[in-house]
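Engineer: sequence first, predicted coordinates after that:
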Amino acid sequence: MKASFINLIVNNFFKISFVFIIFGLFFYIMLPFMISILLGAILAMALAPFVEYFVKKGLSRGISLVLFSLLLGIIGFIPVAAFFIRGSRMISQLLHQSNVGELTLKYTSTINKFIDHVCKLYDLDKPFVEAKLNSFVSYAGDFMTSTFSGFVTELPVIFMMGLITILSVYCFLKESDKIRALFDHYFYFSKKNGDMFVHMLKVCCREVFFSNIVTGILQSTIVSIGAIIFDIGDFYLVFFITFIVSFIPIIGAAPVAAVLGILCFLDSRVGPGIGMMIIAGVSGLSDNIIRPYLGSLGAVEVHPFIGLLAVIGGVIMFGLPGLFIGPLVASLIFGALPIIIDEYFPNPDQEV
């Protein structure tokens with residue numbers, strides 16, 4: 001038996017080696033696009049019901065996919081691209097015209113008074129504190145400049161990945177029947193459990209994707225409206241920065257409102273400062289409560305704490321796309337395991 005098995009391996013060595021080499025090269029070539037393709041799959045699952053809506057209206061599936069892709073590009077991709085281009089340009093111009101240190105000259109007198117008060121209160125060395133503060137301000141300025149300059153530099157790559165994501169959405173939606181056939185063929189689910197698994201996957205993708213977008217827009221709107229009410233900062237610039245920062249787990253958009261509040265205090269505007277601090281608290285609550293809550297409204301009930309850890313872990317491992325991948329994986333773990341267990345160990349009390 002062993003001899004025949006060894007002979008089988010030896011006789012097919014070059015075939016097996018060829019298969020491994022080809023598959024290895026294929027995945028190596030596709031590796032830079034895996035995140036975009038995965039996001040396209042998530043988005044395709046999330047948007048599948050909208051395509052079905054066009055089909056139910058009497059349009060063919062091919063025409064529905066073309067129209068839907070055009071709508072997705074025109075309504076989604078182009079405004080998002082314009083949003084990031086304009087926001088990046090505004091921040092780049094701001095950082096090139098003046099650094100953080102120059103921007104704080106307006107508040108130098110107030111800052112010096114505050115430092116002097118703190119040093120007297122805690123018996124600290126004032127020159128040492130001033131040196132550390134200046135060092136921190138310089139570091140913050142360099143960090144902001146390099147971060148947004150790097151972001152502007154990466155815009156062509158980001159747009160290319162966005163285009164690949166849209167094309168992936170189209171391909172996944174177009175080949176959905178073939179993908180479902182492959183799923184049924186290789187996963188060996190019963191019809192009932194297979195339908196449950198696919199339905200759960202679609203609902204989880206829809207809820208996970210839109211929960212992040214909805215939370216980011218909500219936080220950005222809250223902080224931007226506060227900036228208009230208290231007359232501090234440009235609406236679009238505040239909205240852009242807040243939307244970017246809102247994707248950072250736990251921290252969220254609250255620091256943007258807090259910084260604006262601190263600037264109001266330094267400018268002796270106590271009322272607006274208190275107002276922005278309240279807004280910071282509200283936006284922080286929306287990030288740490290609404291995001292996990294929306295993420296848990298899919299086909300699977302995931303505890304908000306697990307959802308929060310999934311967001312953090314996803315960002316650590318995958319970067320910004322991890323905001324969608326992490327919660328989705330958590331939802332699938334809690335949703336797929338019961339279906340698989342039911343497939344192999346059915347409950348005899350349930351009706352067949």
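Structural biologist: On my side now, so go ahead.

Engineer: what about stretch 35-45, average pLDDT?
Structural biologist: The average of the pLDDT scores along stretch 35-45 is 83.

Engineer: contacting residues around that stretch?
Structural biologist: 30, 161-162, 164-169, 171-173, 176, 201-202, 204-206, 208-209, 318, 321, 324-325, 328 (C-beta atoms under 8 Å, 6 or more residues apart in numbering). In this view, the C-beta of every residue, glycine as well, is placed from N, C-alpha and C.

Engineer: again, 10 Å this time
Structural biologist: 30, 33, 51, 72, 76, 160-176, 179, 198, 201-206, 208-209, 318-322, 324-325, 328 (C-beta atoms under 10 Å, 6 or more residues apart in numbering).

Engineer: also stretch 267-275?
Structural biologist: Outside stretch 267-275, the residues that touch it by C-beta under 10 Å, 6+ apart are 106-107, 110, 226-227, 229-232, 257-258, 260-266, 276.

Engineer: would you put the C-alpha positions of stretch 16-29 in PDB?
Structural biologist: Written as PDB, here are the backbone C-alpha positions of stretch 16-29 (Å, rounded to 0.1, in the frame of the first residue of the first chain):
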ATOM      1  CA  ILE A  16       1.800  18.300  -8.500                       C
ATOM      2  CA  SER A  17       4.800  20.600  -8.500                       C
ATOM      3  CA  PHE A  18       3.300  22.400 -11.500                       C
ATOM      4  CA  VAL A  19       0.000  22.900  -9.800                       C
ATOM      5  CA  PHE A  20       1.600  24.200  -6.600                       C
ATOM      6  CA  ILE A  21       3.900  26.600  -8.500                       C
ATOM      7  CA  ILE A  22       1.000  28.000 -10.700                       C
ATOM      8  CA  PHE A  23      -1.300  28.500  -7.700                       C
ATOM      9  CA  GLY A  24       1.500  30.000  -5.700                       C
ATOM     10  CA  LEU A  25       2.400  32.500  -8.500                       C
ATOM     11  CA  PHE A  26      -1.300  33.300  -9.000                       C
ATOM     12  CA  PHE A  27      -1.900  34.100  -5.300                       C
ATOM     13  CA  TYR A  28       1.400  36.000  -5.200                       C
ATOM     14  CA  ILE A  29       0.400  38.200  -8.200                       C
END
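
Engineer: from the chain's centre, how far out does that stretch sit?
Structural biologist: The gap between the average C-alpha position of stretch 16-29 and the chain average comes to 31 Å, counting by C-alpha atoms, centre = their mean, to the nearest Å.

Engineer: got it, and stretch 329-345?
Structural biologist: Chain-centre distance of stretch 329-345: 25 Å, with C-alpha atoms, centre = their mean.

Engineer: on that earlier part again, which of the contacts of stretch 35-45 fall in helices?
Structural biologist: 30, 51, 160-174, 176, 179, 198, 201-206, 208-209, 318, 322, 324-325, 328 (DSSP state H).

Engineer: low-confidence ranges in this structure?
Structural biologist: In the predicted model, the chain carries pLDDT under 70 at residues 1-11, 73-111, 137-155, 158, 247-252, 287-301, 304, 319-320, 346-352.

Engineer: swap in 50 and give it another go.
Structural biologist: Under the criterion pLDDT under 50, the flagged ranges of the chain are 99-101, 351-352.

Engineer: work out which residue lies at the spatial centre of it.
Structural biologist: Central residue check for the chain by C-alpha atoms, centre = their mean: the C-alpha nearest the mean position is that of residue 323, 3.7 Å away.

Engineer: ok, how many other residues are close to the closest residue in space to that residue that isn't next to it in sequence?
Structural biologist: In space, not counting the residues next to it along the chain, residue 323 is nearest to residue 212; the distance is 5.1 Å by C-beta to C-beta, 6 or more residues apart in numbering. Around residue 212 sit 19 other residues, with neighbours defined as other C-beta atoms under 10 Å.

Engineer: swap in residue 305?
Structural biologist: By the measure other C-beta under 10 Å, the count of residues near residue 305 is 9.

Engineer: please name every helix or strand in contact with whichever strand or helix holds it.
Structural biologist: Under the criterion of DSSP states H and E, residue 305 resides in helix 304-318. Packed against helix 304-318, as judged by 3 or more C-beta pairs under 10 Å, 6 or more residues apart in numbering; DSSP states H and E, are the following elements: helix 34-56, helix 191-229, helix 291-295, helix 322-344.

Engineer: export those helices to TSV and tack on distance to residue 25?
Structural biologist: Formatted as TSV, the helices and strands packed on helix 304-318 follow (distance: least, C-beta to C-beta, whole Å):
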stretch	distance to residue 25
helix 34-56	15
helix 191-229	30
helix 291-295	37
helix 322-344	25
